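[1] What follows is a predicted protein model with its sequence.
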Amino acid sequence: MSELTHLDRTGAANMVDVSAKLATMRVAEAEGRVVTSPETVALIRSGDAKKGDVLGTARLAGIMAAKRTHELIPLCHPLLLTRVKVECEIDDSLPGVRVRAEVGVSGQTGVEMEALTAVSVACLTLYDMVKAADRGMRIEGIRLLAKSGGRSGDYRAE
């Protein structure tokens, strides 16, 4: 059976069969950013957003999303994650917030989708928490930074 998801004779998609793969430690890192106005950065920093703690809520949403990736993305395997770390850091030079996620698992398949989902949902949560103050925000640059483990080896973005 091919390692890639394929269409069977009926045209139905199938989840990748990873049963023959060895369980190894796999880690993936992803990043993204929410570009806002300087006033919105000040609102986030002050902790006075109407919906509460913007950065803390975004971190928690990212962690929760990583754990539920298989429910959101068709054909992703449910994984028992061993580590999910989401960081949301104000960056006045954007201006806005930089989001980073690191996800780890000891398993038969990688965690790239979990890291990307964590970043995506954290960015969406940041947007939601302050959208009343800044409708012009942009979510940008969501990408895989690095992955390690597994048969395909390591990857690091330039």
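    Ah, there it is. Numbers count the residues shown, from 1 in each chain.

[2] Could you list the low-pLDDT ranges of the chain?
    Along the chain, segments meeting pLDDT under 70 span 1-12.

[3] And the strands in it?
    For the chain, the strands defined by DSSP state E occupy 24-35, 83-91, 96-107, 138-148, 155-156.

[4] Which one of those strands lies nearest to residue 13?
    strand 96-107 (21.3 Å; Cβ to Cβ). (Each C-beta comes from the backbone N, C-alpha and C, glycine too.)

[5] helices or strands next to that closest one in the packing?
    Counting contacts by 3 or more Cβ pairs under 8 Å, 6 or more residues apart in numbering; DSSP states H and E, strand 96-107 packs against strand 24-35, helix 38-46, helix 54-67, strand 83-91, helix 112-130.

[6] Tell me which of the strands of the chain is the most buried.
    Of all the strands of the chain, strand 96-107 carries the top mean neighbour count, a mean of 23, counting by mean count of other Cβ atoms under 10 Å.

[7] Neighbouring strands of that strand in the sheet, and parallel or not?
    Sheet neighbours of strand 96-107, with direction, are listed as strand 24-35 (antiparallel), strand 83-91 (antiparallel) (DSSP bridges).

[8] Can you tell me what sits against the shortest one?
    Judged by Cβ atoms under 8 Å, 6 or more residues apart in numbering, the contacts made with strand 83-91 from elsewhere in the structure are 27, 33, 41, 44-45, 55, 58-59, 62-63, 66-67, 96-105, 114, 118-119, 122, 126.

[9] Much appreciated, bye for now.
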